[in-house]
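Visitor: The following comprises the amino acid sequence and a computationally predicted model.
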Amino acid sequence: MLETPVDAAGVESPFREAYSDNGMWFDQVEGLDISDVRLDGIANFAILVSRSSGIVIRRVGIANSGSRNSLGRNNTTGGILLEEGSSNFEVSGCTFQEILGNALWTHSFSTSPRAENGLFAGNQFDSIGRDAIQVGHATHVRVEDNIGARIGFPTEIVVIENQGIPVALDTSGNVDQSTYARNSFEEIDGKCIDLDGFHDGAVRENHCVNRSSAADYPWGQFGIVINDTDPDARPVNIEITGNQIQGVKFGGLFLIGSGNRVIGNTLANVDTAGCNENAGAGCLYKPGEPEILESGIYLARGGARPVETRDNVIRDNTITGHRMAAHCVAAGPGVSLSANIVTDNICVDVP
């Protein structure tokens, strides 16, 4: 691999201007078909597509690609990136192995159009240093039937300096009218699903499992997190149904916003860190909210920005793990459980 240290590009600039030494780069293309290609040892992005539409990428194999920043961490590169409002795209049946940064993602920063009308389906991921899949600043994107293992490995390349925590299914910017469905991942040193800026969409029947102890996941987090970093995205009307999350270091679901429906999920072996009884696990990180990391489902008054959390439905979920009978569904300061519908959940302690 012809890797040369390069610091990550700024979030408000096109990556086509920041990274050279890519495997394939296409800009302002109408109609693009890439099939049955193998890309190995690419210094930066294996495939970078900017300001384009009508994109089909099928059965492409990518391995041993991406570069590090000056501190030796990943700089997001290595995989397939669609940026600057690329639209009408499909990436399916591709394989990603030993990618230092993000494997498959869209990046449309706030001053460019959102990506739209896309499908990421049936792809396979193994040993990804950052995110397996990220939907960034997009609308009408389907992420379906993807599988992966070892997300956030090797641990030494994780970007700890600015909390670039690895995620199996990540979200960034303003994302709506989108669906994450039937994706399956195992061994994730980070989060299973991050819904930062996700609204008016569905997260259905996804499966994530970690089988080792908390100490084996130094960057382990919640199973599912809702956040509101983007000022144009309000965390509302999200359907989270039928997901199975097993073996998360802290809580099962961090929930903010309103009109969200959390129904029929299984959150098993939650809080493997043993919060708040384990002083070395980093559980008490937020003053005034001691239950935030030890709860199965935690309702908070905002994440990056304050937001009202009410009128959510939390029903028919099975939550098991460390002291889950006592910490099954909890509300933080400024949130009333009675302002939400919380009913028929099964909460069981599992040592």
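Guide: Sure thing, it's come through.
Visitor: so where's the stretch 201-350 of the chain uncertain?
Guide: 278-281, 284-285 (pLDDT under 70).
Visitor: ranges for the helices of it?
Guide: Shown for the stretch 201-350 of the chain, no helices are assigned by DSSP state H, counting those that start in this stretch.
Visitor: Where do the strands of it begin and end?
Guide: Taking DSSP state E, counting those that start in this stretch to define them, one finds strands in the stretch 201-350 of the chain at 201-204, 207-209, 224-227, 238-241, 244-246, 253-255, 261-263, 266-270, 297-299, 313-315, 318-321, 329-331, 341-343, 346-349.
Visitor: Kindly reformat the ones you listed as CSV containing mean neighbour count and distance to G101.
Guide: Yep, even glycine has a C-beta here, placed from its N, CA and C like the rest. Shown next, in CSV, are the strands of the stretch 201-350 of the chain (neighbours: other CB atoms under 10 Å; distance: least, CB to CB, whole Å):
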stretch, mean neighbour count, distance to G101
strand 201-204, 21, 24
strand 207-209, 20, 20
strand 224-227, 26, 20
strand 238-241, 21, 27
strand 244-246, 21, 24
strand 253-255, 27, 25
strand 261-263, 20, 31
strand 266-270, 23, 29
strand 297-299, 27, 30
strand 313-315, 19, 35
strand 318-321, 22, 32
strand 329-331, 21, 35
strand 341-343, 14, 39
strand 346-349, 14, 38
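Visitor: Any idea which of those strands gets closest to E289?
Guide: Nearest to E289, of all the strands of the stretch 201-350 of the chain, is strand 297-299, at 8.4 Å by CB to CB.
Visitor: Who are the packing partners of that closest one?
Guide: strand 253-255, strand 329-331 (3 or more CB pairs under 8 Å, 6 or more residues apart in numbering; DSSP states H and E).
Visitor: how about S178, what does it touch?
Guide: 135, 138-143, 198, 201-202 (CB atoms under 8 Å, 6 or more residues apart in numbering).
Visitor: Just name the closest of the residues you listed to G264, please.
Guide: A202 (12.8 Å).
Visitor: hang on, isn't that closest one packed against Y180?
Guide: Yes. The criterion here is CB atoms under 8 Å, and A202 meets it with Y180 at 7.4 Å.
Visitor: Tell me which residue lies nearest the centroid of the chain.
Guide: D170 (2.1 Å; CA atoms, centre = their mean).
Visitor: ok, now which ones touch it?
Guide: 105, 131, 133-135, 191, 193-194, 196.
Visitor: can you do 10 Å?
Guide: 102, 105, 130-136, 151, 190-191, 193-196, 198, 225 (CB atoms under 10 Å, 6 or more residues apart in numbering).
Visitor: Which among the contacts of S178 count as buried?
Guide: 135, 138-143, 198, 201-202 (16 or more other CB atoms under 10 Å).
Visitor: In those residues, find the pair that's most separated.
Guide: A138 and A202, at 14.6 Å, using CB to CB across the buried ones among the contacts of S178.
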